[in-house]
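Novice: the following block contains a protein sequence and its predicted model.
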Amino acid sequence: MIELDVKKLTSCNSDWETNQYTLLSITKEWQSNFRKNKLYPHLNQSVELQQKLQDILHENLESKWWLEREIRPKKINNHYVAYEKAQQVSNQLDQLLSFVRWALQINRPIMEEGLIIKDFIEESITIKPVSEEPNYLGKGYFSLEDKKKLVVNIYSYDLKWEWCGDEPKNTLKIQLIKSIPQMGIKDSIEDLMQDFLTNSQPLYKPMAYIFSGEFDLNFPYEDTICPIAGEKLLKILMS
């Protein structure tokens, strides 16, 4: 898998032809995975790339406007003088802006293709709380079926926040606790979770959720279903 380094791709001293080849290779890999319904981690990378490129475009457009005012030829002793160094910087900015606009156009349809799949699956997932207990310090459990492997997975979750630049960002850390073959489940999944909460976990009266949904087996569990379920749970916990 090719690693994406946005800072390197948008360096003013870059080889823009090489950068185009690199970005095309990366986005082609993302698109190939999306068409196999494998969304993660590539969808997050595509969304992040689009945001960073938009920020770079905005910041450098402002720099370009300022620089153009500064490098206008000035009349000295009846001669117009242009500043060569400033003109070189302006040319470099033009190349950067051209590359960023091109990259945005390349990435946008691929990102949107992944987001359409994500929205479809997210709308298909239903979440049911097992109990009405208040959230225990952002920690709890949820169950999610892996239809291909015919198991019910039980996960713990831990709601945390971390700094993303200058802004705090909430994240959900999940960990697989146990996998139970569907053939071994005698009662409902609700009863299974109630038994788990009563007998098999250390938290006191934690929140727990049951995920359900009818998914085509062409949607990979690890690369698509489970990450989307985690994101949907995060939205509920933050609401």
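Specialist: Arrived safely, thanks for sending. These numbers were taken from a predicted model, which means no experiment stands behind them.

Novice: by mean pLDDT, which helix or strand of the protein comes out lowest?
Specialist: Lowest mean confidence among the helices and strands of the chain (mean pLDDT, DSSP states H and E): strand 79-81, at a mean of 46.

Novice: residue 210: what secondary structure?
Specialist: strand (DSSP: H, G, I helix; E, B strand; the rest coil).

Novice: count the residues that sit near the residue nearest to it when sequence neighbours are not counted.
Specialist: Distances taken as Cβ to Cβ, 6 or more residues apart in numbering place residue 128 nearest to residue 210, at 4.7 Å, with adjacent residues excluded. Every residue, glycine included, has its C-beta placed from N, CA and C. For residue 128, the count of nearby residues is 14 (other Cβ atoms under 10 Å).

Novice: quick one: residue 128 and residue 179, what's the gap?
Specialist: 20 Å (Cβ to Cβ, to the nearest Å).

Novice: how about residue 195?
Specialist: From residue 195 across to residue 179, the span is 16 Å (Cβ to Cβ).

Novice: with residue 183 as the reference, measure out to the residue nearest the centre of the chain.
Specialist: Geometric centre of the chain, nearest residue: residue 44, 2.1 Å, by Cα atoms, centre = their mean. Remark: distance between residue 44 and residue 183 (Cβ to Cβ) = 35 Å.

Novice: what's in contact with stretch 104-121?
Specialist: With Cβ atoms under 8 Å, 6 or more residues apart in numbering as the test, stretch 104-121 has contacts from 23-24, 27, 30-31, 34-35, 37, 39, 42-43, 46-47, 49-50, 53-54, 57, 213, 215, 219, 224-225, 228.

Novice: mind running it again at 6 Å?
Specialist: The contact list for stretch 104-121, computed with Cβ atoms under 6 Å, 6 or more residues apart in numbering, reads 27, 30-31, 34, 39, 43, 46-47, 49-50, 53, 228.

Novice: residue 158 against residue 175, yeah?
Specialist: No - using Cβ atoms under 6 Å, residue 158 makes no contact with residue 175, being 7.9 Å away.

Novice: what's the neighbour count on the closest residue to residue 125 other than its chain neighbours?
Specialist: Excluding its sequence neighbours, the residue lying closest to residue 125 (Cβ to Cβ, 6+ apart) is residue 213, at 4.4 Å. For residue 213, the count of nearby residues is 18 (other Cβ under 10 Å).

Novice: state the helix or strand in which the residue nearest to the centre of the chain lies.
Specialist: Residue 44 belongs to helix 42-70 when assigned by DSSP states H and E.

Novice: swap in residue 119?
Specialist: In this assignment (DSSP H and E), residue 119 forms part of helix 84-124.

Novice: after that helix comes which helix or strand?
Specialist: Helix 84-124 is succeeded, C-terminally, by strand 126-129 (DSSP H and E).

Novice: starting from that next one, tell me which strands it pairs with and how they run.
Specialist: Strand 126-129 sits in its sheet next to strand 207-212 (antiparallel), going by DSSP bridges.

Novice: okay, buried residues for the partner strand please.
Specialist: Residues 207-211 are the ones in strand 207-212 that count as buried (16 or more other Cβ atoms under 10 Å).
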